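Participant: Fold the following, please.
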Amino acid sequence: MNWRKLGRVFSPQFQSTSILKTHAQCPTALVLKNCIRVYFSARKENQQSLPIYVDVAIDDPTRILNTCFTPIIVEGMPGTFDEHGIIPSYILPVSDKVYLYYAGWSQAKGVPYKNFTGLAVSCDQGNTFTKFSEGPCLPLNFANPLSATGPAIIRIRDRFECIYSTGTAWHDVNGHKEHVYVLRRAWSMDGINWEFDGEDIFPADSPFHAYCKPAILFLNGIWHMWFSVRSSHGFRQAGKGSYRLGYAWSEDFIQWHRDDTEVGITISDEGWDSKMICYPNIVSVEGHSYMFYNGDGFGQTGFGVAELKVGGQL
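Facilitator: Here you go, the predicted model:
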């Protein structure tokens, strides 16, 4: 499988509002009747993040039809897990509602931040959202001692299955603390109350590597997963340790086999995604599978889209 890049969809360089000063981070797509709605996190001048969206054409996902620069949800009250920022992670239709899972950020003492996963619910097809709770649904617990964020959530028969990132350590790197993550699994009957086993779905290459923000596609009887991977060293300077995508596959959603040689997409030779590629999100519509993703600067240069090719065919 390979991904054919279609181009950059949106760049904050060409927009400026009180909400959108920099970044269009973690594109998260919802297929609607007449468009694909792509939620993403915009950074304000104080660097705090809030989610907004653009609508793109189903037949050409690089073409923007509509923009909404009013945040769909806002920071939590003081002391809550999302008091300092919100980043969309995954969106899922559930009956007549839409569930938006998001990373909530809060500043911390001793380390730069803590982040866990909250849930917001829409009753009007993704136009407006209400937080399900002031607390997270993927919380601090025995399986998640430092963080739990960036889930990909799949409905398999009567159960919700989730692959997400949990923090395992903070490393001191050149005078700064850098967080590292692994991918773990959780499951739920209602998408709200989750069970955890605390087991990594595959071993890390190095204790200094971070794995996050998976995107999952079921194709030809196999679960395929793309995810972001970086080192703790040099990734902020877009060096060798900066984000690339990895790949793994599974027949049962439990046992995963990693093989990054089959990832099918990487950085470009030049341009907005030539130093970094990260935070994939995949949707399928009208026989096409699209991956929305960020490029350089963790979304500072915006987000783009690629289309899946299988066996040489789109």
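
Participant: quick one: contacts of the stretch of helix or strand Phe227 belongs to?
Facilitator: Using DSSP states H and E, Phe227 sits in strand 222-231. Contact with strand 222-231 is made by 1, 152, 154, 163, 183, 206, 208-218, 240-253, 256, 260, 263, 265, 278-280, 282, 291, as judged by Cβ atoms under 8 Å, 6 or more residues apart in numbering. Glycine gets a C-beta too; all of them are placed from N, C-alpha and C.

Participant: who does that strand pair up with?
Facilitator: strand 209-219 (antiparallel), strand 244-250 (antiparallel) (DSSP bridges).

Participant: could you give the mean pLDDT of it?
Facilitator: Averaged over strand 222-231, pLDDT sits at 96.

Participant: cool, and stretch 266-286?
Facilitator: Mean per-residue pLDDT for stretch 266-286: 96.

Participant: And it, end to end?
Facilitator: Stretch 266-286 has its terminal residues 25 Å apart, counting by Cα to Cα, to the nearest Å.

Participant: With stretch 253-261 instead?
Facilitator: 20 Å.

Participant: What are the buried residues along that stretch?
Facilitator: If you call a residue buried by 16 or more other Cβ atoms under 10 Å, then stretch 253-261 has these buried ones: Phe253, Trp256, Arg258.

Participant: Which members of those are positioned in helices?
Facilitator: Within the buried residues of stretch 253-261, no residue falls in helices by DSSP state H.

Participant: Which member of these is positioned nearest Ile91?
Facilitator: Phe253 (19.4 Å; Cβ to Cβ).

Participant: Output stretch 275-283 in PDB with nothing but the alpha carbons.
Facilitator: The C-alpha coordinates for stretch 275-283 follow below in PDB (Å, rounded to 0.1, in the frame of the first residue of the first chain):
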ATOM      1  CA  LYS A 275      11.100  18.000   7.500                       C
ATOM      2  CA  MET A 276       8.400  16.300   9.500                       C
ATOM      3  CA  ILE A 277       5.200  14.200   9.000                       C
ATOM      4  CA  CYS A 278       2.900  13.400  11.800                       C
ATOM      5  CA  TYR A 279      -0.600  13.100  13.400                       C
ATOM      6  CA  PRO A 280      -2.400  11.000  10.700                       C
ATOM      7  CA  ASN A 281      -6.200  10.600  10.600                       C
ATOM      8  CA  ILE A 282      -7.900   8.400   8.000                       C
ATOM      9  CA  VAL A 283     -11.500   8.400   6.700                       C
END
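
Participant: Figure out the length between the terminal residues of stretch 13-33.
Facilitator: 29 Å.

Participant: Check the offset of it from the chain's centre.
Facilitator: Its chain's C-alpha centre and that of stretch 13-33 lie 13 Å apart, by Cα atoms, centre = their mean, to the nearest Å.

Participant: buried set for it?
Facilitator: Per 16+ other Cβ under 10 Å, stretch 13-33 contains these buried residues: 15, 19-20, 22-32.

Participant: Show me where the stretch 151-300 of the chain has its strands.
Facilitator: Remark: strands assigned in the stretch 151-300 of the chain by DSSP state E, counting those that start in this stretch are 159-173, 176-188, 194-200, 209-219, 222-231, 244-250, 257-258, 278-285, 288-294.

Participant: for those, which one sits closest to Asn144?
Facilitator: strand 159-173 (4.6 Å).

Participant: so what does that closest one touch, helix or strand wise?
Facilitator: With contacts taken as 3 or more Cβ pairs under 8 Å, 6 or more residues apart in numbering; DSSP states H and E, strand 159-173 sits against strand 148-156, strand 176-188, strand 209-219.

Participant: Pick the one among the buried residues of stretch 253-261 closest to His176.
Facilitator: Nearest member of these to His176, counting by Cβ to Cβ, is Arg258, at 28.3 Å.

Participant: so that closest one sits right up against Ala248, yeah?
Facilitator: Yes: Arg258 lies in contact with Ala248 (Cβ atoms under 8 Å); the separation is 4.3 Å.

Participant: Now do the contacts for Val305.
Facilitator: So Val305 contacts Lys5, Leu6, Gly7, Val9, Val56, Pro61, Thr62, Tyr290, Met291, Phe292, Tyr293 (Cβ under 8 Å, 6+ apart).

Participant: circling back to that earlier point, relative to Asp82, which of the buried residues of stretch 13-33 is nearest.
Facilitator: Cys26 (14.3 Å).

Participant: where's that closest one relative to Leu20, distance?
Facilitator: As judged by Cβ to Cβ, to the nearest Å, Cys26 and Leu20 stand 14 Å apart.

Participant: for Gly246, same thing?
Facilitator: 30 Å.

Participant: still on that earlier bit, can you tell me which of the contacts of strand 222-231 are buried?
Facilitator: Here, 16+ other Cβ under 10 Å leaves 1, 152, 154, 163, 183, 208-217, 241-248, 250, 253, 256, 263, 265, 278-280, 282, 291 buried among the contacts of strand 222-231.
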